[in-house]
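K.L.:
Got a predicted structure plus its sequence, pasted below:
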Amino acid sequence: MTTARELHDTLEEVSPRAERRGAWLFAAGWALAYLAIAGAWVIGSSRALAALPLEREQLQWAEQFKGFAFVLVTAGLMFLLIGRTRSSLLAQSRRLAVQARDLAVREARWRHLMSNLSEVAWFTSLDGREVLYVSPATETVYGRPAQDFLDDPRLWLAVVHPDDRAMVERSAAGLGLRDARQHIEYRIRHTDGRWRWVRDRASVLLGPDGVPVAVGGVAEDITASKHSSEALHARELQLSGIVETAMDAIITVDVEQRIVVFNRAAAGIFRIEPQQAIGQPLERFIPMRVRERHASHVDEFARTGSTQRRMGAMHVLTGLRTNGEEFPIEAAISRLGDGAEALMTVVLRDVTETRRAAAALEAQRAAEAASRAKTEFLSRMSHELRTPLNAVLGFAQLLQASGEPLTERQRGQLDHIRTAGWHLLALINDVLDVSRIEAGALRLQVGSVDVDASVDEALTLSRSIAERHGVRLVGPTARVGCSILVDATRWRQVLLNLLSNAAKYNRPGGSIQVTLACEGERLQVCVADTGLGMGTDQLACLYEPFNRLGRQHGGIEGTGIGLTLTRELLLMMDGSIDIQSTLGEGTRVTVSVPRCTGAALRPPSPTQGAGPGATAGPRGTVLYVEDNPLNALIVEQLLARWPAVTLVQAEDGASGIALAEQLQPDLVLLDMRLPDMGGLEVLERLRARGGATRVVALSASAMPDEVAAARAAGAIDYWTKPLDFDMFVQRVAGLLGDGVRRGGPVESR
């Protein structure tokens, strides 16, 4: 490709030759001019002289003057011609020199520009077989010097990625057309071994006459932007996937509040297909009564990015489904961009179920609070009732066991006191059991229980009430010889309750028949009476707590919760109850419980010790920490039967701790409510001091959590007041023995 420097050098060589050529041309012109002038002069002057009347001598002088004049005219013309020609040649030479310098400056600027471009500039022949120019940027883009492409025109296609080569060839073939332009992107192999992306913009170059003379273009490295674009596209796909799979509804609107994004969650919430929502106004999903206000808030947020309702945070609003249903939503809004290009994205969720759950949770909390209040109330009332009952029943039992002379009437009155006291205690226990079941706090110790023995025990304990009501109690005619899987204490409670009801609601001279039957893996116990029976209305309300079915005015003692408690206990032991009754004829109650089909664990049995009548009797030191003098007096009189047992009393927790450390008693009986500290604190302090002191909690508080807390704090057992003397004496004797320490809990009510 010809450069300005080459043109300048050529002009420098051409100037002398041009001057010589001009001289020859001048000479030729002069010769021609001379010949023309001479010819005209000779012909013209000869004719003019011939026409003049001159003498011979005059004619000779005229001929001489004609020749001299010819020479002068010819010389003048020659001088003018030579001067004009030289001036023209000098002016032309100066113009060419100036043009050459200008071209050199332009070329220098152009080369400087090309060398500083990061893009590759190139020019080829129309057929692409000859590379006319390649800029130095090939060093960066291709990793090759420009000369490599000048030397080998095929190199530019050889470095193209095989998958892109056909497309590049088609593009190059199309550039032979007039006004053709190409804009393509393809990959090339850099000398470092990596593939790079280039964007090539090419067009045809036209000559002064408008005819295509070459092809030129610019190739730039777009690898970084291509990777960024691909990463951005991948990110957009990822975000689109996130939006579509999001659990929350996502809706994007433009400044005109028309929907441009509506994900599947939104479609599910508003009951509409996503494509049907696109382009719709947002107000379609807002109730009519709040549309105007909501639209103004969104519009203000689009302009300023904030509203008085703090739209950027979760806010409780109301949505409208396509079926016309209104529902509560929580929504947050954000803005992207400004002006007419701004977009607002709303993230919302249907909080219908959340509100229902919150309401249910609040109701549950209220119920739990009420249950705790009820439990606390029952605990306090139990304690307050059991404390005086302990004195009433305690002294009644002491009077009956004292052997002191009493009249028959006094003994009858004492029996009434004991009966009423135990009835009141049973009522308290039943109420507490119902409360425990409702609170889920009643725990059973399920194990193997001998059926025949448990039924015999229940019949023995129930004979007195049957005799008192003039009812004959008939036991099973045959033994079944099997075991059942129940809680022994609660099973006995069920049997006693059924037998008690059968006796109380019988008629004088009536009977109670108990039968047993084993059917498969279940045991059935049937208690049939010949009593008052019940009608249909009474059977319908049979298990309502405290409903005595209209018999509360008949003089028969009862609470109305016995059957409710019985059914709940049976259900907890995988049992069932069925009651059939005919008014005026009697009632038949059948309970079913699971039999033991394999080895079953028995609950721990009470430790047996020497009873009150034992000859040797227990021995040891008993420390009783109790602030109520009456309770202390009852225990003192009960233990007085054993001369080898020493009773030491403390009226508060601090004194009890000090005496326990000093005496190291064999047994500590601890009231759980003392004037200076709670029983739990006493237990914790005794345990912190070490030693093997055995402590039994002795309290009028009988709630399950209190019992569990005492055991966790170190108590080996928990006995409730009022005390059953026979059981108390048996348990103390079992713990003391003959002065030998024997630990382990015993069964407590």
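P.N.:
Looks like it arrived, so ask away.

K.L.:
give me the number of residues near Pro529?
P.N.:
To be clear, residue 529 is Asp; Pro isn't right here. Using other Cβ atoms under 10 Å, Asp529 has 27 neighbouring residues. C-beta here means a position set from N, CA and C on the backbone, and glycine is covered the same way.

K.L.:
Now do the closest residue to it other than its chain neighbours against Ile465, distance only.
P.N.:
Among residues not flanking Asp529 along the chain, Ala502 sits closest, at 4.0 Å (Cβ to Cβ, 6 or more residues apart in numbering). In this structure, Ala502 and Ile465 are 10 Å apart, going by Cβ to Cβ, to the nearest Å.

K.L.:
next one: Val474
P.N.:
Val474 is 15 Å from Ile465, by Cβ to Cβ.

K.L.:
Neighbour count for Ala502 and Ile465, which is higher?
P.N.:
The neighbour count for Ala502 versus Ile465, taken as other Cβ under 10 Å, is higher for Ala502 (29 against 17).

K.L.:
Which element, helix or strand, includes the more buried one?
P.N.:
Element membership of Ala502 [criterion: DSSP states H and E] is helix 488-504.

K.L.:
Also compute the angle for whichever helix or strand comes after that helix relative to helix 488-504, please.
P.N.:
Using DSSP H and E, the next helix or strand after helix 488-504 towards the C-terminus is strand 511-519. Relative orientation of strand 511-519 and helix 488-504, computed by axes from the mean of the first three to the mean of the last three Cα atoms, to 10 degrees: 140 degrees.

K.L.:
Strand 511-519 pairs with which strands?
P.N.:
strand 472-474 (parallel), strand 522-529 (antiparallel) (DSSP bridges).

K.L.:
returning to what we had before: surely the residue nearest to Asp529 touches Ser511?
P.N.:
No. Checked against Cβ atoms under 8 Å, the pair Ala502 and Ser511 is beyond contact range at 9.3 Å.

K.L.:
For these two, list the residues in contact with both.
P.N.:
Val471, Asp529 (Cβ atoms under 8 Å, 6 or more residues apart in numbering).

K.L.:
ranges for the helices of the stretch 51-200 of the chain?
P.N.:
56-116, 138-141, 146-151, 155-158, 162-173 (DSSP state H, counting those that start in this stretch).

K.L.:
In TSV, list the ones you listed along with mean neighbour count.
P.N.:
Converted to TSV, these look like this (neighbours: other Cβ atoms under 10 Å):
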stretch	mean neighbour count
helix 56-116	13
helix 138-141	16
helix 146-151	16
helix 155-158	16
helix 162-173	14
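
K.L.:
Run the chain-centre distance for stretch 191-200.
P.N.:
Relative to the centre of its chain, stretch 191-200 is centred 45 Å away, using Cα atoms, centre = their mean, to the nearest Å.

K.L.:
May I see the buried residues of that stretch?
P.N.:
Neighbour counts over stretch 191-200 (16 or more other Cβ atoms under 10 Å) mark Arg196, Trp197, Val198, Arg199, Asp200 as buried.

K.L.:
out of those, which are inside strands?
P.N.:
Those of those mapping onto strands are Arg196, Trp197, Val198, Arg199, Asp200, per DSSP state E.

K.L.:
Closest one of the residues you listed to Leu361?
P.N.:
Trp197 (58.6 Å; Cβ to Cβ).

K.L.:
how near is the closest one to Gln397?
P.N.:
In terms of Cβ to Cβ, Trp197 sits 104 Å off from Gln397.

K.L.:
now Gln637
P.N.:
Distance of Gln637 to Gln397, computed by Cβ to Cβ: 10 Å.

K.L.:
So between these two, which is more surrounded?
P.N.:
Comparing Gln637 with Gln397 by neighbour count (other Cβ under 10 Å), the higher total belongs to Gln397, at 23 against 17.

K.L.:
Spatially central residue in this protein, please.
P.N.:
Geometric centre of the chain, nearest residue: Met247, 10.1 Å, by Cα atoms, centre = their mean.

K.L.:
Please give me every residue in contact with that residue.
P.N.:
Taking Cβ under 8 Å, 6+ apart, one finds Ala265, Arg349 in contact with Met247.

K.L.:
Spell out the secondary structure type for it.
P.N.:
coil (DSSP: H, G, I helix; E, B strand; the rest coil).

K.L.:
Gly481: neighbouring residues, count only.
P.N.:
As a burial measure, Gly481 scores 9 neighbours (other Cβ under 10 Å).

K.L.:
ok but it is inside a helix, no?
P.N.:
No. Counting by three-state DSSP, Gly481 is not part of a helix but coil.

K.L.:
for it, phi and psi?
P.N.:
Backbone torsions for Gly481, taken as degrees, to the nearest 10, come to phi 60, psi 40.

K.L.:
Just the local confidence number for it, please.
P.N.:
With respect to pLDDT, Gly481 has a value of 87.

K.L.:
Is it correct that it is in contact with Asp452?
P.N.:
Yes. Here Gly481 lies in contact with Asp452, judged by Cβ under 8 Å, at a distance of 6.7 Å.

K.L.:
Need the nearest residue in space to Leu175, chain neighbours excluded.
P.N.:
Leaving aside its sequence neighbours, Leu175 sits nearest to Val215 (Cβ to Cβ, 6+ apart; 5.1 Å).

K.L.:
is that neighbour in a bridge, and if so with what?
P.N.:
With DSSP bridges as the rule, Val215 is bridged to Thr124, Val204.

K.L.:
sec struct for Lys346, please.
P.N.:
Lys isn't right for residue 346; it's Val. Under three-state DSSP, Val346 comes out as strand.

K.L.:
if I pick it, what's in contact with it?
P.N.:
Val346 neighbours (Cβ under 8 Å, 6+ apart): Ala249, Ile250, Ile251, Thr252, Val253, Leu282, Ala331, Ala332, Ile333.

K.L.:
can you give me phi and psi for the third one?
P.N.:
So the one you mean is Ile251. phi -130, psi 130.

K.L.:
so what's Leu157 up against?
P.N.:
Here Leu157 is in contact with Arg165, Val168, Glu169, Ala172 (Cβ under 8 Å, 6+ apart).

K.L.:
try Asp456
P.N.:
Listed by Cβ under 8 Å, 6+ apart, the contact set of Asp456 reads Gly475.

K.L.:
Sticking with it, tell me its helix or strand.
P.N.:
helix 451-468.

K.L.:
can you give me the angle that helix makes with strand 511-519?
P.N.:
Using the same axes, to 10 degrees: helix 451-468 against strand 511-519 is 170 degrees.

K.L.:
Show me the chain divided up by domain.
P.N.:
Domain segmentation of the chain under automatic domain parsing yields 4-114, 117-228, 246-350, 356-421, 446-594, 620-736.

K.L.:
Ranking helices and strands of this structure by mean pLDDT, which lands last?
P.N.:
helix 4-51 (a mean of 59; mean pLDDT, DSSP states H and E).

K.L.:
Specify the local secondary structure of Leu485.
P.N.:
Under three-state DSSP, Leu485 comes out as strand.

K.L.:
Okay, and the beta partners of it?
P.N.:
Beta-bridge pairing of Leu485 under DSSP bridges involves Ser448.

K.L.:
Where does pLDDT dip in the stretch 201-350 of the chain?
P.N.:
232-242, 305-315 (pLDDT under 70).

K.L.:
And the helices in it, which stretches?
P.N.:
Using DSSP H, counting those that start in this stretch, helices in the stretch 201-350 of the chain cover 223-245, 264-270, 274-277, 291-304.
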